[in-house]
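In: Provided below are the primary sequence and the corresponding predicted coordinates.
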Amino acid sequence: STAANFQTASQSLVVVTANNTTTVNLTLQPMTGTVSGTITNAATTNPIVGASINVLKNGVSFATALSVVNGSYSISNLPPGDYTLVVSALNYQGISQSLTISSNTTTTASVALQSSPGAIGGFVTNSLSLLPIAGATVQVLNGANVLATATTAIDGSYTLSGLAPASSGTYSFRYIAPTF
C-alpha cells in the first residue's frame, strides 16, 4: 500500500478462501521530516561551533545534535508534528522556539544567540595607605561611552553586572574619587 507522505507497507502470506472476505489492515507510518539551520553569534554573525541543539516533543528530548565548524546542524527522521527547539552554547544565553515538522520536508530553524552577560568587580584603595576608598565612582567605558556606573561601598568594593562581552575584547575604566 502507498499513500502520499506515508511510508510504503506490504503484507505477505494473506490467505484468501472461496466465498469469504479476508480482512487485511495496514498501518502506514508518516514520512519523516528534517530540521536544519545555522547557529550564530547575534552580535558578530560568526558561526558557533559545538552549540547543543535539542528537539523536544511534549517537553521530552526527542533528538539532539551539535553544530559543526560552520555553525550548521541537521536532525532528520522526525515524525510530523509540533516540537520545541532548544539551543544552548557555552558563554551564550540559551533560546527555545516552536517549530512544526512536515512529512518529506526540511524545516529551517536558524538561531542567533546572545552572549551571556558578565560582571566586573574589585576594590578601590588609596595607593599610599592602601585603605579602601568609599563613595568613589567607577565607570566602565567602551570608547568614550559610559556603559555602567557603580559607587564603592565602605570597604571600597564595587560590582558592575550585566555587561555584554566587549566587541573589541576589552573595556576601559574610569575611577573618580572626590577627595583625590
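Out: Now that the structure is in, tell me what you want to look at. Since this is a predicted model, take the numbers as computed values, not measurements.

In: residues in contact with the residue nearest to residue 158 when sequence neighbours are not counted?
Out: Leaving aside its chain neighbours, residue 158 sits nearest to residue 150 (4.3 Å; criterion: CB to CB, 6 or more residues apart in numbering). Glycine gets a C-beta too; all of them are placed from N, C-alpha and C. Going by CB atoms under 8 Å, 6 or more residues apart in numbering, residue 150 touches 137, 138, 158, 159, 160.

In: try residue 149
Out: By CB under 8 Å, 6+ apart, the neighbours of residue 149 are 137, 138, 139, 140, 160.

In: can you give me the strands in this protein?
Out: 33-41, 52-57, 60-66, 72-78, 81-88, 95-101, 106-108, 111-113, 118-123, 137-142, 145-151, 157-163, 172-176 (DSSP state E).

In: nearest to residue 129, of the ones you listed?
Out: Among the strands of the chain, the nearest to residue 129 by CB to CB is strand 118-123 (13.4 Å).

In: from the chain's centre, how far out does the closest one sit?
Out: Remark: strand 118-123 is offset 26 Å from the chain centroid, using CA atoms, centre = their mean, to the nearest Å.
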